[in-house]
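give me coordinates for this.
(one chain, ligands or ions: 2)
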Amino acid sequence: MMNLKEKRCVVVGAGGVATRKVKSLLECEAQVAVVSKRACSDIVRLAQEGKIKLIEKSFSPEDLDGAFLVFVASDDPITNRLAAMEAVKRGIPVNVADSPELSTFLVPSYFRKGHLTISVSTGGKSPRLARRLKEWIKSNIPSGVEELLSKLEKERTFVKKSGLSMEEKVNFYDEIIDKSGILKKKGDIEN
Ligand SMILES: C[C@@]1(CC(=O)O)c2cc3[nH]c(cc4nc(cc5[nH]c(cc(n2)[C@H]1CCC(=O)O)[C@@](C)(CC(=O)O)[C@@H]5CCC(=O)O)C(CC(=O)O)=C4CCC(=O)O)c(CCC(=O)O)c3CC(=O)O
Ligand SMILES: NC(=O)C1=CN([C@@H]2O[C@H](COP(=O)(O)OP(=O)(O)OC[C@H]3O[C@@H](n4cnc5c(N)ncnc54)[C@H](O)[C@@H]3O)[C@@H](O)[C@H]2O)C=CC1
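Numbering: from 1, shown residues only. Ligands and ions are numbered 1, 2, ... in the order given. Below you'll find the predicted structure:
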């Protein structure tokens, strides 16, 4: 949920895993530089289209100059470790594809529906389960949730300035949510 717009994000490696991270970064409108000895066809195409900068070489510490965020996803554990340590030394948040322990942040499984983002993390315990749960939530998300969100957004601009107490505000929002009929009513949910 970090704002990455126009921020320089460096990705080390250009295989399947790096490609997934690059695509997520482009969705966030980040400025992406990929450093890799060789690049897979998706990365080459993105570079040819001018969407990313591809630097075809082995990783070296100066590749992290000016980086806001770093993704390390080469298939060489020694390179991954070196790049991770360098990022940590420079105080740059780093995600390491083969090492949750060396990562200062992990990437969750997520999907977007308009302004709604749903993400699932297992804290690195089982990425496959994170993905399967995400898929389950995606296929079970009630239709009408985007319309409900825009209604709440509109009401909220007035309610925020209304002078109502926080409890009154929350009850007002709950009433709209309950009326939409797309979720179980608040009172019907057991905690
Ligand atoms: C710690 C973390 C670091 C990070 O942030 O990258 C990490 C680490 C590792 N992943 C590995 C394997 C797999 N990763 C996936 C898939 C995804 N992995 C993602 C995140 C994360 N993966 C972070 C923790 C997230 C969490 O747990 O909450 C997702 C959610 C997001 C993304 O990568 O964009 C994305 C789903 C995207 C989607 O929704 O589609 C699949 C399944 C598949 O592809 O179907 C497999 C194979 C099956 C399996 O192992 O589960 C391996 C072992 C490699 C090996 O065995 O060689 C490691 C290294 C290790 O565990 O040591
Ligand atoms: N976090 C995750 O979701 C997952 C992580 N992994 C791990 O991610 C890593 C990468 O996996 P893949 O993308 O499938 O590998 P891959 O083999 O497709 O790509 C590896 C890339 O690293 C580059 N590379 C190797 N040495 C380099 C160096 N010294 N400097 C710069 N680039 C270098 C290669 O040129 C290649 O582009 C593996 O360690 C794997 O275990 C695997 C699956 C999922």
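
please make it C-alpha for all contacts and neighbour counts, starting now.
Noted.

which residues does whichever strand or helix holds I78 contact?
Here I78, judged by DSSP states H and E, is contained in helix 77-90. The contact list for helix 77-90, computed with C-alpha atoms under 8 Å, 6 or more residues apart in numbering, reads 59-61, 64, 70, 72-74, 93-96, 98, 102-103.

apply 6 Å and report the result again.
V72 (C-alpha atoms under 6 Å, 6 or more residues apart in numbering).

again with stretch 135-152
Counting by C-alpha under 6 Å, 6+ apart, no residue sits against stretch 135-152.

what are the buried residues along it?
For stretch 135-152, a neighbour-count test (16 or more other C-alpha atoms under 10 Å) marks 135, 145, 152 as buried.

is ligand 1 within reach of it?
No. Stretch 135-152 is not in contact with ligand 1 by C-alpha under 6 Å from any ligand atom; minimum separation 7.6 Å.

how far does that stretch sit from the chain's center?
19 Å (C-alpha atoms, centre = their mean, to the nearest Å).

that stretch: end-to-end distance?
26 Å (C-alpha to C-alpha, to the nearest Å).

swap in stretch 114-129?
24 Å.

list the buried residues in it.
So for stretch 114-129, counting by 16+ other C-alpha under 10 Å, buried means 120-121, 127.

contacting residues around it?
Under C-alpha under 6 Å, 6+ apart, the answer for stretch 114-129 is 108-111, 130.

buried ones in stretch 5-23?
Residues 7-16, 18-19, 21-23 are the ones in stretch 5-23 that count as buried (16+ other C-alpha under 10 Å).

tell me where the protein has helices.
Secondary structure of the chain (DSSP state H): helices at 16-27, 41-48, 77-90, 127-140, 145-159, 166-180.

mean pLDDT and distance to ligand 2 added to those helices, as CSV?
What follows is the helices of the chain, written out as CSV (pLDDT from 0 to 100; distance: least, C-alpha to the nearest ligand atom, whole Å):
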stretch, mean pLDDT, distance to ligand 2
helix 16-27, 97, 4
helix 41-48, 98, 9
helix 77-90, 98, 5
helix 127-140, 97, 7
helix 145-159, 96, 29
helix 166-180, 96, 35
